[in-house]
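Enquirer: predicted model and sequence follow; I will ask about them next.
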Amino acid sequence: MSNVNVFAVKTLTQKEYFSSGHRACQGCGETLAVRLVHKALGRDVVVASATGCMEIVSSPLPLTSWEMPWIHVAFENAAAVATGVEAGLKALMRKGKIPNKKIHVVGMAGDGGTADIGLQALSGALERGHDFIYVCYDNEAYMNTGIQRSSSTPYCAATTTSPAGSVKPGQTTWKKNMPAIAAAHNIPYVATACPSYPMDLVEKVKKAAETPGPAYVHILSVCPTGWGMPGEDIIKFGRLAVETGAFPLYEIENGRYRITVDVPELLPIETYLKPQRRFRHITPEMTEIIAERVAKEWELLKRRVEFSALD
C-alpha cells in the first residue's frame, strides 16, 4: 500500500497551473502527470520543455496552457536550458536584480527526449550538481511523431519502427533503466512515479523541489493511443504496471532505496500486457521471458532496499 501523507492530500491546491483546453488525446496520462507535478510545485517555477507531445498540445501559437514561465526548447537540450536558467537566476539574485527567493527550475521531456536524444545534456547537468528538477514523462515510445520505438520501449512491444512479425517479436531490447542511470551520478534524489498514485507522485515532486542539488523524477505516463486501450482505462493500467512489477514505485534518497507502494505479491504480468494492442501478438513463451525478468528486477530492488536499511 502507498504510504500517503494525509496532510498533503488536504493541502493540495485547487489551482491549475496547466490549464484545460489543450489538444491532448482523450484520456492522455501524460497531461494528468503534468497537472499533478505543477500542483505540487506551485507558481514560482520556470520550465524548460523539450519538443514532444506536451509542447505540441499545449502551445499552438498564439495560445498556451501554461500558467507559469515556460520555454519550448529543442528535443535534445531541456536539461541544458534548465541549468542555464538556474545559473542565470542565481546570478540575478546575487546582483540584486530580482528578489532572493526560491524559484524551482524544471527540465521536462518524454522518454525519447530523455533516454535517447537528451541523455548527454541530462548527464552533464546531473554531474555538475545544478539545483534543479528533471522530470521524464515516460510513455514508452516517440508518440508525438507516430509511435516509433525509443530505448524506453518495453521488450516485445510493437511500434511502427519495431513491428511484430514472424521474424521479430516487436521491440528486441529491454527498457533502459533511466532511474538507475540518474542514480549513478550520485545525485541526492531519484524517484519513480505514476499519476495512478497521485499523492505518491505529489509527495515525491515536493521532496525533489525541497532537495538541494539535482533531482530526477521518472513518471510512467500511460498513452492510450500508443499502447492501444480505451482512454478511460489509463488509471487502471498505471496501477497494473505497479501491481505486476512492470513499473515499481520507489525513491532513492542520498543513495538509500525505499519502495513507496509495496506489492506483497505481484500480479501475473499478462494481466497488464495482454489487454494492450501493442502486446496482442505475444506468445506464452514471450510472456514467461518477461515475467522472469520482472520478478528478477523486483527482487533486486527489494534487496537494495534491505541493504539500504542496514546502512
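Expert: That came through, no problem.
Enquirer: check contacts around the residue nearest the centre of the chain.
Expert: The residue lying closest to the centre of the chain (Cα atoms, centre = their mean) is Ile219, at 2.2 Å. By Cβ atoms under 8 Å, 6 or more residues apart in numbering, the contact list for Ile219 reads 33, 37, 135-138, 192-195, 201. Glycine gets a C-beta too; all of them are placed from N, C-alpha and C.
Enquirer: any weak-confidence spans in the stretch 51-200 of the chain?
Expert: Scanning the stretch 51-200 of the chain for pLDDT under 70 picks out nothing.
Enquirer: can you pull out the strands in it?
Expert: Counting by DSSP state E, counting those that start in this stretch, residue ranges of the strands within the stretch 51-200 of the chain are 70-73, 104-110, 133-138, 189-193.
Enquirer: CA atoms only for the second one - export them in CSV, please.
Expert: Which is strand 104-110. C-alpha atoms of strand 104-110 as CSV (Å, rounded to 0.1, in the frame of the first residue of the first chain):
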residue,chain,number,x,y,z
HIS,A,104,12.0,26.0,-8.9
VAL,A,105,13.7,25.3,-12.3
VAL,A,106,12.3,22.2,-14.1
GLY,A,107,13.5,20.4,-17.2
MET,A,108,11.0,18.2,-18.7
ALA,A,109,10.9,15.8,-21.7
GLY,A,110,9.4,12.5,-22.8
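Enquirer: so how far is the next helix or strand after that strand off the chain centroid?
Expert: Downstream of strand 104-110, the first helix or strand assigned by DSSP states H and E is helix 111. Distance of helix 111 from the chain centroid (Cα atoms, centre = their mean, to the nearest Å) equals 8 Å.
Enquirer: next one: stretch 176-194
Expert: Taking Cα atoms, centre = their mean, one finds the center of stretch 176-194 at 10 Å from the center of the full chain.
Enquirer: got the buried residues for it?
Expert: Using 16 or more other Cβ atoms under 10 Å as the test for burial, stretch 176-194 gives 176, 178-179, 181-183, 185, 187-194.
Enquirer: cool, stretch 249-258 as well?
Expert: For stretch 249-258, burial by neighbour count (16+ other Cβ under 10 Å) applies to 249-252, 257-258.
Enquirer: just stretch 259-269 next, same as before
Expert: The neighbour-count check on stretch 259-269 (16+ other Cβ under 10 Å) flags 259-261, 266, 269 as buried.
Enquirer: need the CA coordinates for that stretch. PDB is fine.
Expert: Output of stretch 259-269 as PDB, limited to C-alpha atoms (Å, rounded to 0.1, in the frame of the first residue of the first chain):
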ATOM      1  CA  ILE A 259       9.700   1.200  -2.000                       C
ATOM      2  CA  THR A 260       6.800   3.700  -1.700                       C
ATOM      3  CA  VAL A 261       4.000   1.500  -3.000                       C
ATOM      4  CA  ASP A 262       4.600  -2.000  -1.800                       C
ATOM      5  CA  VAL A 263       3.200  -5.000  -3.600                       C
ATOM      6  CA  PRO A 264       3.300  -8.100  -1.300                       C
ATOM      7  CA  GLU A 265       2.600 -10.400  -4.200                       C
ATOM      8  CA  LEU A 266       3.000  -9.400  -7.800                       C
ATOM      9  CA  LEU A 267       0.000  -9.900 -10.100                       C
ATOM     10  CA  PRO A 268       0.600 -12.100 -13.200                       C
ATOM     11  CA  ILE A 269       2.300  -9.900 -15.800                       C
END
